[in-house]
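Peer 1: Fold the following, please.
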Amino acid sequence: MLNLLKTRTVRSNITDMEQLPVQIFVVLLVVGLMLVGAEVFVPGGILGVIGGIALFGAIISAFTVFGPSGGGYVTIAIVFLIGFVIFLWARFFPETSIGKRMTVSQDLSTAKGTETGLSELVGEEGVAVSDLRPAGFARINGRRVDVITQGGMISNGNKIKVILVEGNRVIVSKLER
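Peer 2: Below is the predicted model:
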């Protein structure tokens, strides 16, 4: 009876050791796919690179577990799986609630890079509606405008005068009372 238990324990340990490369393959494959998928949400490329390394490790371990022909099939399967997942992501992700929040949903071909009518403000007076340190907001001719001082700080409520406009940059100075 004792010998039977020892035999089962030894066989169980051998089976566990034989399954270790398979377990390593599965862990590397799953972790690699998850990290590559997480790259969509975390910019920078680090997760994608680590995921790619894990997938490369899964391919190497596949050659160990399944032999040369099985490793080749697994390599082809991983490449097709990544391609299929990218296709599904490109096709369906933009329509999900997360995808809608992460992508631009309107046509920006008619968007303007500069605000119109700012050059008309040169010489106009207004009031700082926020502290200008040196940038902030002012109300000029009833219009809220993003402005910048010549370097000094102007407190909220002080009168200002537009001295120069360069593109979207409206430069103001403090009016002495």
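Peer 1: Please state the offset of stretch 40-54 from the chain centre?
Peer 2: 11 Å (CA atoms, centre = their mean, to the nearest Å).
Peer 1: got the end-to-end distance for that stretch?
Peer 2: 17 Å (CA to CA, to the nearest Å).
Peer 1: low pLDDT regions in this structure?
Peer 2: Residues of the chain meeting the criterion pLDDT under 70: 1-17, 105, 108-109, 111-113, 177.
Peer 1: Okay, helices next: where are they in it?
Peer 2: 2-38, 46-92, 97-102 (DSSP state H).
Peer 1: so which of these is the most packed in?
Peer 2: helix 46-92 (a mean of 15; mean count of other CB atoms under 10 Å). All C-beta spots, glycine's among them, are computed from the backbone N, C-alpha and C.
Peer 1: Show me what that helix packs onto, helices and strands only.
Peer 2: helix 2-38 (3 or more CB pairs under 8 Å, 6 or more residues apart in numbering; DSSP states H and E).
Peer 1: Include distance to residue 130 when you put the helices of the chain into a markdown table, please.
Peer 2: Below are the helices of the chain laid out as a markdown table (distance: least, CB to CB, whole Å):
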| stretch | distance to residue 130 |
| --- | --- |
| helix 2-38 | 39 |
| helix 46-92 | 38 |
| helix 97-102 | 29 |
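Peer 1: Any idea what the closest residue in space to residue 164 that isn't next to it in sequence is bridged to?
Peer 2: The shortest distance from residue 164 to any non-neighbouring residue, by CB to CB, 6 or more residues apart in numbering, is to residue 171 (4.3 Å). When bridges are called by DSSP bridges, residue 171 pairs up with residue 148, residue 164.
Peer 1: Who are the contact partners of residue 171?
Peer 2: With contacts taken as CB atoms under 8 Å, 6 or more residues apart in numbering, residue 171 has the following neighbours: 147, 148, 149, 150, 162, 163, 164, 165.
Peer 1: Just the closest of these to residue 114, please.
Peer 2: residue 165 (10.3 Å; CB to CB).
Peer 1: how far away is the closest one from residue 147?
Peer 2: 10 Å (CB to CB, to the nearest Å).
Peer 1: Which of the two has more residues huddled nearby?
Peer 2: residue 147 (26 against 18; other CB atoms under 10 Å).
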